[in-house]
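Colleague: dropping a prediction and its sequence here:
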Amino acid sequence: MNQADMSDRNPFEYAPAPESRAIVDIKSSYGLFINGEWVEAGQSFKTVSPSTEEVLAEVSDAGEAEVGAAVKAARRAYVRTWSKLAGRDRAKYLYRIARIVAERSREFAVLESLDNGKPIRESRDVDLPLVSAWFFYYAGWADKLEYARADPRALGVAAQIIPWNFPLLMLAWKIAPALAAGNTVVLKPAETTPLTALLFAEVCQQADLPPGVVNIITGAGQTGRALVEHPDVDKIAFTGSTDVGRSIAKAVAGTDKRVTLELGGKAANIVFDDAPVDQAVEGIVNGIFFNQGHVCCAGSRLLVQENVAEEVLARLKRRMGTLRVGDPLDKNTDIGAINSAEQLDRITQLAAVGDAEGAQRWSPPCELPDRGFWFAPTLFTGVTQAHRIAREEIFGPVLSVLTFRTPTEAVEKANNTPYGLSAGVWTDKGSRILWVADQLRAGVVWANTFNKFDPGSPFGGYKESGYGREGGKHGLEAYLR
Ligand code: NAD
Ligand code: MG
């Protein structure tokens, strides 16, 4: 791959420790979940495991007729049952869902790692605990809405469109507050990662959720567009790329549909010279290599103070040499597969632009499997603010390193981006945090940590990162009139 020093090689060897996939029963084909029942669509498409390219299942491709049927079911459920229930009764269903997800979490984690490519260590220890935490948290709000807003009233039918990087977690972020606030839902998962949403439909049946309160329809961009444009939808909640977000904002302009958009990011992770270096290095690694860097709030721009840059980079490279890339179901894996061939192409092309612009690329020696979609953990030094790799979202395991001399320069560089979702600040005992955080135009600022999420804490962006907040009381307000 490149001429890295042999001393960077991982000194540890592990026996394979694969999680069994026997716990999951993947069907050969799936229908759409509409009005509490499984409905076949005329067309279908395949979802694959990105680590092996194995076809996991055939999934229905919802056309306009099916989108219409799902919205109709959601409307009927809203009018006849869900809006008539007392908050404490809606809460019972949400608590039930939270408990069932927790009980079936191993099944969900294995399925998520298979369909998405993320390491089981992350789906098991991050995604799934957060999913049930999200349902528990919003279950608690369902009978207390008047503490969120005076005279709280639901919006009606919420159309929810989510990406492939945290398939089940994004579903939870969308469905839990919507139902707590009294709305019904039509949700469309991303076309490369539909399987955990379809398993969630089974959880809705198991929880005896009234038919039509949650509808899950699968398909690609066309299906999403039909859902956005459907006249009987009251609210659109979208997480995905800034381009699609922009097209949704245009499509609903002039209607009375409410919209929240969670879009891209290009977060700065700022390391000051007084930071504890080993902790900062862990935070840099977590910031950019967690979930293969398929994270909208990833710390993809490292800003390191010039007088410690050499030391930080040396330790960072040593740490990157110990990262294990490979089988997502292996419990020792740190970095799994890139979610799709398309995403691998995007990462590969933008990294090549980095080379062409004159930045220096480095990766540890690392054997990648022959099949599936993979990209070695990578860093670029010699990056300037004008470089495309410093401006555009790569959405992969690629870090751009820039340096700064003063706190003011750090803030200027951190804010020099069209995005504003998140940032990280590393400094001894938090000494510089308050001043710096106050200057940063980012929705979330982490101090001496990174990528921490909690259902009680709102998340969302400034500028081209979108508008609206998810999580906490703010996330509830987005589903109330
Ligand atoms: P994408 O925007 O292409 O797809 C996201 C979802 O939108 C998918 O379900 C897709 O089928 C659907 N979609 C596509 N075209 C549509 C249209 N015209 N109308 C309606 N729906 C449509 O994004 P992607 O490439 O799959 O995902 C990566 C992007 O998502 C990155 O840019 C990343 O930053 C962003 N993202 C943001 C957040 C956040 O919370 N801010 C979280 C995850 C991902
Ligand atoms: Mg898949």
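Modeller: On my side now, so go ahead. Ligands and ions are numbered 1, 2, ... in the order given.
Colleague: identify the residue nearest the spatially most central residue of the chain in space, chain neighbours excluded?
Modeller: A centroid search over the chain (CA atoms, centre = their mean) returns F166, at 3.9 Å, as the residue closest to the centre. Spatial nearest neighbour of F166, chain neighbours left out: D127 (6.1 Å); criterion: CB to CB, 6 or more residues apart in numbering. Placement of C-beta: from N, CA and C, glycine included.
Colleague: G354 belongs to a helix?
Modeller: Yes - assessed by DSSP: H, G, I helix; E, B strand; the rest coil, G354 belongs to a helix.
Colleague: sec struct for P129, please.
Modeller: helix.
Colleague: now do the one 5 residues further on
Modeller: At W134 the chain is in helix, as set by three-state DSSP.
Colleague: my read is that it contacts S457, right?
Modeller: No - W134 lies out of contact with S457 (CB atoms under 8 Å); the separation is 11.5 Å.
Colleague: have a look at those two and say which one is more surrounded.
Modeller: W134 (28 against 14; other CB atoms under 10 Å).
Colleague: apart from its neighbours in sequence, what residue is nearest that one?
Modeller: Leaving aside its chain neighbours, W134 sits nearest to A172 (4.1 Å; criterion: CB to CB, 6+ apart).
Colleague: can you confirm whether whatever helix or strand that neighbour lives in lies near ligand 1?
Modeller: Per DSSP states H and E: A172 is located in helix 167-180. No - figure legend: helix 167-180 not in contact with ligand 1 (CB under 6 Å from any ligand atom); closest approach 6.6 Å.
Colleague: rounded mean pLDDT for that helix, please.
Modeller: For helix 167-180, the mean pLDDT works out to 98.
Colleague: and it, what other elements does it pack with?
Modeller: helix 87-103, helix 105-116, helix 128-141, strand 157-161, strand 184-188, helix 195-206, strand 235-239, helix 472-477 (3 or more CB pairs under 8 Å, 6 or more residues apart in numbering; DSSP states H and E).
Colleague: of the ones you listed, which is nearest ligand 2?
Modeller: helix 105-116 (4.1 Å; CB to the ion).
Colleague: mind checking if that closest one is in reach of ligand 1?
Modeller: No - Helix 105-116 is not in contact with ligand 1 by CB under 6 Å from any ligand atom; minimum separation 11.8 Å.
Colleague: got the contact list for the residue in the chain that ligand 1 sits nearest to?
Modeller: Ranked by CB to the nearest ligand atom, the top residue of the chain for proximity to ligand 1 is G224, at 2.3 Å. Going by CB atoms under 8 Å, 6 or more residues apart in numbering, G224 touches 161, 188, 244.
Colleague: kindly report the same for E357.
Modeller: 387-389.
Colleague: got it, and L421?
Modeller: 263-265, 267, 296-297, 442-444, 460-462, 465-466.
Colleague: how much space separates it from G299?
Modeller: 11 Å (CB to CB, to the nearest Å).
Colleague: repeat for R258
Modeller: Counting by CB to CB - R258 and G299 are separated by 31 Å.
Colleague: so between the two, which is more surrounded?
Modeller: G299 (29 against 19).
Colleague: low-scoring stretches of the stretch 301-450 of the chain, by residue?
Modeller: Along the stretch 301-450 of the chain, no part satisfies pLDDT under 70.
Colleague: what do you get for the stretch 101-250 of the chain?
Modeller: In the stretch 101-250 of the chain (pLDDT under 70), no residue qualifies.
Colleague: can you name the residues of it that neighbour ligand 1?
Modeller: 161-165, 188, 190-191, 220-221, 224-225, 228, 239-241, 244, 247-248.
Colleague: mind giving me the PyMOL select for those residues, buried ones only?
Modeller: Listed next is the PyMOL selection for buried residues among these, using 16 or more other CB atoms under 10 Å:
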select buried, resi 161+162+163+164+165+188+190+191+224+225+228+239+240+244+248
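Colleague: dump the residue contacts of the residue of the stretch 351-481 of the chain found nearest ligand 2.
Modeller: Among residues of the stretch 351-481 of the chain, the one nearest ligand 2 by CB to the ion turns out to be F373. It sits 10.5 Å away. F373 sits next to 50-51, 53, 117, 337-341, 343-344 when contact means CB under 8 Å, 6+ apart.
Colleague: at 6 Å instead, please
Modeller: Listed by CB atoms under 6 Å, 6 or more residues apart in numbering, the contact partners of F373 are 50, 337-338, 341, 344.
Colleague: ok, E40 - contacts?
Modeller: Contacts for E40 (CB under 6 Å, 6+ apart) come out as G31.
Colleague: roughly how far apart are it and F238?
Modeller: 27 Å.
Colleague: residues contacting the residue nearest to K174 when sequence neighbours are not counted?
Modeller: Sequence neighbours aside, Q160 is the residue nearest to K174 in space, at 4.2 Å (criterion: CB to CB, 6+ apart). The neighbours of Q160, taking CB under 6 Å, 6+ apart as the test, are 174, 185, 187, 237.
Colleague: isn't the last one right next to A176, touching?
Modeller: When you say that, I think you mean A237. No - between A237 and A176 there is no contact under CB atoms under 6 Å: 11.7 Å.
Colleague: can you map out the strands along the stretch 351-481 of the chain?
Modeller: In the stretch 351-481 of the chain, the strands defined using DSSP state E, counting those that start in this stretch lie at 360-362, 378-381, 398-404, 422-426, 444-447, 466-467.
Colleague: coming back round to it: how about the contacts of Q160 in a markdown table, adding neighbour count?
Modeller: Output for the contacts of Q160, formatted as a markdown table (neighbours: other CB atoms under 10 Å):
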| residue | neighbour count |
| --- | --- |
| K174 | 26 |
| V185 | 26 |
| L187 | 27 |
| A237 | 28 |
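Colleague: all good on my end, thank you.
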